[in-house]
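K.L.:
Sequence first, then the predicted structure, then my questions.
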There are 2 protein chains.
Amino acid sequence: MAHETIDAAALDQLFREARTQNKWQDTPVPDAKLHELYELLKLAPTSANASPGRFVFVRTPEGKAKLKEALSAGNMEKTMNAPVTVIVAYDLDFYDKLPVLFPHAPDAKNWFTSSPSFAEQTAFRNGSLQGAYLILAARAVGLDAGPMSGFNNAKVDELFFAGTRWKSNFLVNLGYGDPEGLFPRNPRLDFDEAARFE
Amino acid sequence: MAHETIDAAALDQLFREARTQNKWQDTPVPDAKLHELYELLKLAPTSANASPGRFVFVRTPEGKAKLKEALSAGNMEKTMNAPVTVIVAYDLDFYDKLPVLFPHAPDAKNWFTSSPSFAEQTAFRNGSLQGAYLILAARAVGLDAGPMSGFNNAKVDELFFAGTRWKSNFLVNLGYGDPEGLFPRNPRLDFDEAARFE
């Protein structure tokens, strides 16, 4: 492991120049690119390697039409125009995979089956981490991302996840952004407003 | 924005070769490096730019001793030996900053004050995203990370956040890992187990 900062172009692409996109170029995203994205995001850490995040890559007209029913007005046009919209979700039954994912602790599943609220909190927290990994992995493979919370979660669950224990978390448009749709970057909190040393 | 994959060395450092570290070299992490980390992570997106994540960088013997009281047994030794342990937290009063962070929607604060459960969910989700950004930003600046959920959240809140509305989320050890402490990498879910196209 090289203990040096990655090169400046990569820092720009991941953090410094990356922006939440609202307008999309008419350039498709091949399914192979989305596989490439998943192969990166799956490697980043989750608690007990539980990997509760689930991802539906919506890119057909039929899938988009279904999703449209659940979108808030302000998110509709950009989402209909995005080449891909990911439903970032989590599986409340994630612990069924622990015998494979965390084999050295054979009782790991019991940590969660014994407390549904702990299981739900773990799924939501770690599914959210994996959603963030998806955003940064998308940027790493040259895609732009547009994450959103403005939609009806219950409606998405009904339309996409009926009969399962998958729950929608947030949405991420993916594609190649058109900078014409960018808003000016909003301010961020200074270190002293959000952090401290002890 | 270059729509190309970042270079292979950066992909390795961020995702492919990065590992959750359990043993730490005796090499300090300067405060300036933690500022560098914060300046990157703060840029990554949150809902309504609300930036609810809060970060306590614990690196003094006094701070570590306080934290020790809340750690589960399996996380104690590695955390006491890590140069820095970050308490990744979120502020339930995050919406007080919205007039600065999201100035074009003057009523944004009301979205959250009108529903404490929506505010809490937003803080937890987006504070978790920011914790994931911290892990990947740490790797980007050449640090290793060791995230953990095995600790007593209520105890940390009592010891570090009394009298505030900050809530602990998870912990991340930071420093320069000693590969001798690594476990073999656990398997991950294949694309078809965790994702699908629609």
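P.N.:
Structure received. Numbers count the residues shown, from 1 in each chain, chains lettered A, B, ... in the order given.
K.L.:
close to chain B, is the strand or helix carrying A:Ala145?
P.N.:
Assessed by DSSP states H and E, A:Ala145 sits inside strand A:144-148. Yes - applying CB under 8 Å from any CB of the partner chain, one finds strand A:144-148 in contact with chain B at A:144-145, A:147-148. C-beta here means a position set from N, CA and C on the backbone, and glycine is covered the same way.
K.L.:
Find the centremost residue of chain A, please.
P.N.:
The central residue of chain A, meaning the one whose C-alpha is nearest the mean C-alpha position (CA atoms, centre = their mean), is A:Gly131 at 2.5 Å.
K.L.:
Name all residues that make contact with that one.
P.N.:
The contact partners of A:Gly131, by CB atoms under 8 Å, 6 or more residues apart in numbering or on different chains, come to A:53, A:88, A:147, A:169-170, A:172, B:129, B:132.
K.L.:
would you put the C-alpha positions of the longest strand belonging to chain A in CSV?
P.N.:
Under DSSP state E, the strand in chain A containing the largest number of residues is strand A:166-175. Provided in CSV are the C-alpha atoms of strand A:166-175 (Å, rounded to 0.1, in the frame of the first residue of the first chain):
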residue,chain,number,x,y,z
TRP,A,166,-35.5,-5.0,0.0
LYS,A,167,-36.1,-1.4,1.0
SER,A,168,-35.3,1.6,-1.2
ASN,A,169,-32.8,4.1,0.3
PHE,A,170,-32.0,6.7,-2.3
LEU,A,171,-31.6,7.2,-6.0
VAL,A,172,-28.6,8.0,-8.1
ASN,A,173,-28.8,9.2,-11.7
LEU,A,174,-25.7,8.0,-13.7
GLY,A,175,-24.4,9.1,-17.1
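K.L.:
State the mean pLDDT of the strand or helix carrying the residue nearest to the centre of chain A.
P.N.:
Under the assignment given by DSSP H and E, the secondary-structure element containing A:Gly131 is helix A:116-140. Here helix A:116-140 scores 98 as its mean pLDDT.
K.L.:
pretty sure A:Thr85 contacts A:Gly175?
P.N.:
No - shown here, A:Thr85 and A:Gly175 do not form a contact pair, counting by CB atoms under 8 Å, at 9.3 Å.
K.L.:
how far out from the middle of the chain is stretch A:136-150?
P.N.:
Taking the mean of its C-alpha atoms, stretch A:136-150 sits 8 Å from the chain's own mean (CA atoms, centre = their mean, to the nearest Å).
K.L.:
pull the CA atoms of it into PDB?
P.N.:
C-alpha atoms of stretch A:136-150 as PDB (Å, rounded to 0.1, in the frame of the first residue of the first chain):
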ATOM      1  CA  LEU A 136     -17.400   7.600  -5.800                       C
ATOM      2  CA  ALA A 137     -16.900   4.400  -7.800                       C
ATOM      3  CA  ALA A 138     -19.000   5.900 -10.500                       C
ATOM      4  CA  ARG A 139     -16.800   9.000 -10.600                       C
ATOM      5  CA  ALA A 140     -13.700   6.700 -10.600                       C
ATOM      6  CA  VAL A 141     -14.900   4.900 -13.700                       C
ATOM      7  CA  GLY A 142     -15.600   8.200 -15.500                       C
ATOM      8  CA  LEU A 143     -19.400   8.500 -14.900                       C
ATOM      9  CA  ASP A 144     -21.200  11.500 -13.400                       C
ATOM     10  CA  ALA A 145     -23.600  10.900 -10.500                       C
ATOM     11  CA  GLY A 146     -26.800  12.700  -9.400                       C
ATOM     12  CA  PRO A 147     -28.000  11.400  -6.000                       C
ATOM     13  CA  MET A 148     -31.500  12.200  -4.800                       C
ATOM     14  CA  SER A 149     -33.800  11.600  -1.900                       C
ATOM     15  CA  GLY A 150     -36.800  13.400  -3.300                       C
END
